[in-house]
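Engineer: sequence-free structure coming up:
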């Protein structure tokens, strides 16, 4: 795997140990979990043991793998995957009362922390990465099998692994209220981060392409949150020209990117 490098105070090159590079460009032929494992600089975790330590090491990759969507806009050291999932979990605790009464709150918090776990091996695949959705799903499912069976299958009788796999699958299937809520929280967290990065950019960073996800929010209570975030964004731009991704091509998003977004979020 390629390694990122930084210069120290003497101008000498040193490895950037704080970031996990995207593994996908280095994988030749059909993508497979074991091919990625061979590229891990920290070593391939032990499998089939009664210890969860190998699993804990894999989780570290979520701390050090950056969310790829922002990198296209020059945000190279932005949020990690685990940053994203942590705030999602905290947000889920504050579900509006009318919705919270119908949710399994403990499971929703777990789902927030599990839903992107496969990206520890797969990496963060975005709508513009030209990876078909069925292939993305295959990579993520095989990764979750690896984590929950090969790493956790013999830990405490496999109970934790089975629960993690079931919660992840529930999220992927998007059929239950809990999963729909967490999908909406996922989109809320992205919208928040979009606005926060734009504000730090002081009007020189337009991330409006990501506002598209507002159109994919399902639950009415979450739509209210999305409207509040978008209102905050409009107040920030205060009449300056900016991209309205929620309007698609009409809002300034290139047709090819709009098509990729539609394919990415389309329900199979």
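Structural biologist: Received the coordinates, thanks. Keep in mind it's a predicted model, so treat the numbers as computed, not measured.

Engineer: all contacts plus neighbour counts: C-alpha atoms, from now on.
Structural biologist: Will do.

Engineer: how about the nearest residue to residue 210, chain neighbours excluded?
Structural biologist: In space, and not counting its chain neighbours, residue 210 is closest to residue 245: 6.1 Å by Cα to Cα, 6 or more residues apart in numbering.

Engineer: surely residue 114 and residue 164 touch.
Structural biologist: Yes: using Cα atoms under 8 Å, residue 114 is in contact with residue 164, at 6.9 Å.

Engineer: follow-up on the earlier one: give me the pLDDT for the residue nearest to residue 210.
Structural biologist: Residue 245 is assigned 93 on the pLDDT scale.

Engineer: could you pull up the residues touching it?
Structural biologist: Going by Cα atoms under 8 Å, 6 or more residues apart in numbering, residue 245 touches 208, 209, 210, 211, 212, 251, 252, 253.

Engineer: Three-state assignment for the last one, please.
Structural biologist: Reducing the assignment to helix, strand or coil with DSSP: H, G, I helix; E, B strand; the rest coil, the entry for residue 253 is coil.

Engineer: do you know how far residue 197 is from residue 233?
Structural biologist: 11 Å (Cα to Cα, to the nearest Å).

Engineer: higher neighbour count, those two?
Structural biologist: Using other Cα atoms under 10 Å, the more surrounded residue of residue 197 and residue 233 is residue 233, with 20 against 17.

Engineer: give the full set of residues in contact with the more buried one.
Structural biologist: By Cα under 8 Å, 6+ apart, the residues touching residue 233 are residue 195.

Engineer: this structure: strands as residue ranges?
Structural biologist: Counting by DSSP state E, one finds strands in the chain at the ranges 5-7, 13-15.

Engineer: show me the shaky parts of this structure.
Structural biologist: 1-15, 23-25, 267-268 (pLDDT under 70).

Engineer: let's see 80
Structural biologist: Along the chain, segments meeting pLDDT under 80 span 1-28, 262-268.

Engineer: how about the helices in it?
Structural biologist: Along the chain, counting by DSSP state H, helices occupy 33-37, 53-64, 68-71, 81-92, 97-100, 105-114, 119-122, 133-145, 159-173, 177-200, 220-237, 255-265.

Engineer: include distance to residue 152 when you put those helices into a markdown table, please.
Structural biologist: Listed next are the helices of the chain as a markdown table, based on distance: least, Cα to Cα, whole Å:
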| stretch | distance to residue 152 |
| --- | --- |
| helix 33-37 | 16 |
| helix 53-64 | 7 |
| helix 68-71 | 28 |
| helix 81-92 | 20 |
| helix 97-100 | 31 |
| helix 105-114 | 14 |
| helix 119-122 | 15 |
| helix 133-145 | 10 |
| helix 159-173 | 5 |
| helix 177-200 | 23 |
| helix 220-237 | 34 |
| helix 255-265 | 30 |
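
Engineer: return the most buried member of those helices.
Structural biologist: Comparing the helices of the chain by mean neighbour count (mean count of other Cα atoms under 10 Å), helix 119-122 comes out on top with a mean of 24.
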